[in-house]
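*Asks:* kindly generate the corresponding structure for this input.
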Amino acid sequence: MSNKTFTLPDDLYDYLLSVSLREDELLRQLRRETATDAMSRMQVAPEQGQLLALLAQLMGARRALEVGVYTGYSSLCVARALPGDGRLVACDISESWTAVAQRYWRQAGVAERIDLRIAPALETLDSLLQSDEAGRFDFAFIDADKENYLVYYERALALLRPGGLIAIDNTLWSGSVIDPSCQDAETRAIRAFNRALHTDDRVHLSLLPVADGVTLALKRA
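*Replies:* A predicted model of the protein is given here:
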């Protein structure tokens, strides 16, 4: 996994950041702290976080969903893009990683907008569906265990309103998706996921070469 746009050479990537990225000190501090973690490659790229925030703003999102929080960079970006009475349901299984996230959410003044659910994401998503939340979300971001991507996607699609948007991370998988020698379970899952979405006529689709690949799926009316 890449926490920068891996398809660009370093000098061009640096230029992209210099003329586009508007990352404040709090977000930079979160990135620096996360960089000390052994799993820091799981953090979204800063330009990706900014894109997610812009997408949420473009959607006029009030209710958002995140599957996979880690240390909360993407959650913070999206929560800031929501109105004051907006709500982000954030799904993760790690109390230690999300403890870091909650600290930064509080510093940013958006903790009250984020409903953190510490449980397997499928349990949380099914609970939302059982609570008549289907069709009530505007925006979703999926960035969790790859072997469950398709089931997360199906639940998120059911929870989204018509015209709602799902963003899915890591769909280029650092290029491993086109390497026939890569046959691990996660790579095979990403390939299967990409093929499934390509033929899914319930959504409008685009895969962007941002960070490690971001797929956008807009739910048709």
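*Asks:* average pLDDT for the helix or strand containing Tyr104, rounded please.
*Replies:* With elements taken from DSSP states H and E, the one containing Tyr104 is helix 95-108. Averaging the model's pLDDT scores along helix 95-108 yields 98.
*Asks:* I'd like to know which elements it is packed against.
*Replies:* helix 25-34, helix 73-81, strand 87-92, strand 114-118 (3 or more Cβ pairs under 8 Å, 6 or more residues apart in numbering; DSSP states H and E). For glycine as for every other residue, the C-beta is placed from the backbone atoms N, C-alpha and C.
*Asks:* CA atoms only: put that helix into CSV for me.
*Replies:* Provided in CSV are the C-alpha atoms of helix 95-108 (Å, rounded to 0.1, in the frame of the first residue of the first chain):
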residue,chain,number,x,y,z
GLU,A,95,-9.1,0.6,20.2
SER,A,96,-5.4,1.6,20.2
TRP,A,97,-5.3,3.1,16.7
THR,A,98,-8.6,4.9,17.1
ALA,A,99,-7.5,6.3,20.5
VAL,A,100,-5.0,8.3,18.5
ALA,A,101,-7.8,9.3,16.1
GLN,A,102,-10.1,10.4,18.9
ARG,A,103,-7.4,12.7,20.3
TYR,A,104,-7.1,14.5,17.0
TRP,A,105,-10.8,14.6,16.5
ARG,A,106,-11.2,16.4,19.8
GLN,A,107,-8.4,18.9,19.0
ALA,A,108,-10.1,19.7,15.7
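*Asks:* quick one, it and strand 87-92 angle?
*Replies:* Orientation of helix 95-108 against strand 87-92 (axes from the mean of the first three to the mean of the last three Cα atoms, to 10 degrees) gives an angle of 150 degrees.
*Asks:* buried set for helix 95-108?
*Replies:* Judged by neighbour count (16 or more other Cβ atoms under 10 Å), helix 95-108 contains these buried residues: 97-98, 100-102, 104-105, 108.
*Asks:* OK, contacts around Ala61?
*Replies:* Contacts for Ala61 (Cβ atoms under 8 Å, 6 or more residues apart in numbering) come out as 78, 81-82, 86, 138-139.
*Asks:* and if you look at Cys182?
*Replies:* Counted by Cβ under 8 Å, 6+ apart, Cys182 has contacts Ser176.
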